[in-house]
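S.K.: sequence-free structure coming up:
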């Protein structure tokens with residue numbers, strides 16, 4: 001019966017690892033996996049890097065990418081803790097900035113991915129101690145993923161607040177696929193930690209020593225033996 005709980009736990013860990021691994025690659029390598037997207041409906045915003053008007057801006061872990069009015073995509077150089085500056089128009093009279101302090105914390109995602117991978121490797125063992133370590137590691141990965149998701153929420157809220165400050169620019173800021181993939185990974189890790197833990201408990205209960213009912217003597221049998 002322990003396998004009924006243990007096998008789903010391994011599947012949950014594997015799915016969470018795949019999702020977090022893809023999220024950890026993010027921009028500029030996987031341009032579809034970002035955390036926040038800003039759509040510019042009107043105005044002539046610019047990042048200052050190109051002469052064209054920016055129509056969309058995407059935030060990833062390692063860089064940000066923007067699309068100009070010609071449909072071309074340009075990404076900033078990959079790095080940890082990048083900064084974005086958006087100007088309200090080509091004259092650059094008004095601008096907003098999202099500093100590195102809001103993007104540096106996104107690096108927690110790769111850390112959560114590494115811990116999830118360790119939990120996944122430990123979950124393949126049938127040893128009771130290893131399954132216990134796998135369960136604890138899964139909960140640790142869930143905690144790190146929760147922290148990463150909180151950072152995602154903070155980044156999204158700040159980006160939305162900043163973009164609304166642009167004069168004469170109508171913007172719409174939405175959450176992106178990597179945002180929700182992180183949330184799903186957190187749920188999967190919580191389920192994995194619980195199922196692997198229940199599987200370990202089943203193993204321990206199954207291995208416990210039990211005494212057959214026939215070995216129990218009634219008071220009459222004991223009395224007869226004494227006599």
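M.R.: Ah, there it is. Quick caveat, the model's predicted, so the values are computed rather than measured.

S.K.: which helix of the protein spans the most residues?
M.R.: Ordering each helix of the chain by length in residues (DSSP state H) puts helix 128-163 first.

S.K.: neighbouring contacts of the helix or strand following that one?
M.R.: Beyond helix 128-163 on the C-terminal side, the first helix or strand identified by DSSP states H and E is strand 170-175. When contacts are defined by C-beta atoms under 8 Å, 6 or more residues apart in numbering, strand 170-175 is touched by residues 35-43, 156, 159-160, 163-164. (Each C-beta comes from the backbone N, C-alpha and C, glycine too.)

S.K.: For strand 170-175, buried residues please.
M.R.: For strand 170-175, burial by neighbour count (16 or more other C-beta atoms under 10 Å) applies to 171, 173, 175.

S.K.: Give the bridge partners for the last one, please.
M.R.: According to DSSP bridges, residue 36 are recorded as the beta-bridge partners of residue 175.

S.K.: hang on, the earlier thing: let me have the buried residues of strand 170-175 in TSV, extended by distance to residue 121 and pLDDT.
M.R.: Shown next, in TSV, are the buried residues of strand 170-175 (distance: C-beta to C-beta, whole Å; pLDDT from 0 to 100):
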residue	distance to residue 121	pLDDT
171	44	92
173	38	95
175	31	96
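
S.K.: which of the residues you listed lies closest to residue 125?
M.R.: residue 175 (37.2 Å; C-beta to C-beta).

S.K.: on that earlier part again, run the angle between the longest helix of the chain and strand 170-175 for me.
M.R.: Per axes from the mean of the first three to the mean of the last three C-alpha atoms, to 10 degrees, the angle that helix 128-163 makes with strand 170-175 is 180 degrees.

S.K.: for helix 128-163, packing partners?
M.R.: helix 2-25, strand 36-42, strand 95-98, helix 100-103, helix 108-123, strand 170-175, helix 177-206 (3 or more C-beta pairs under 8 Å, 6 or more residues apart in numbering; DSSP states H and E).

S.K.: where in the protein is pLDDT low?
M.R.: Within the chain, the segments meeting pLDDT under 70 span 1-5, 50-51, 197-227.

S.K.: dump the residue contacts of the most centrally placed residue in it.
M.R.: Central residue of the chain (C-alpha atoms, centre = their mean): residue 182, 2.9 Å from the mean position. By C-beta under 8 Å, 6+ apart, the contact set of residue 182 is 19-20, 23, 109, 145, 148-149, 152.

S.K.: I'd like those residues laid out as a markdown table, including distance to residue 7 and neighbour count.
M.R.: A markdown table is the format used below for the contacts of residue 182 (distance: C-beta to C-beta, whole Å; neighbours: other C-beta atoms under 10 Å):
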| residue | distance to residue 7 | neighbour count |
| --- | --- | --- |
| 19 | 19 | 24 |
| 20 | 21 | 30 |
| 23 | 25 | 29 |
| 109 | 27 | 27 |
| 145 | 22 | 30 |
| 148 | 27 | 28 |
| 149 | 27 | 20 |
| 152 | 31 | 26 |
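
S.K.: ok, so of these, who is nearest residue 48?
M.R.: residue 152 (25.7 Å).

S.K.: gap between the closest one and residue 55?
M.R.: Residue 152 is 23 Å from residue 55, where distance means C-beta to C-beta, to the nearest Å.

S.K.: again with residue 114
M.R.: Distance from residue 114 to residue 55, by C-beta to C-beta: 36 Å.
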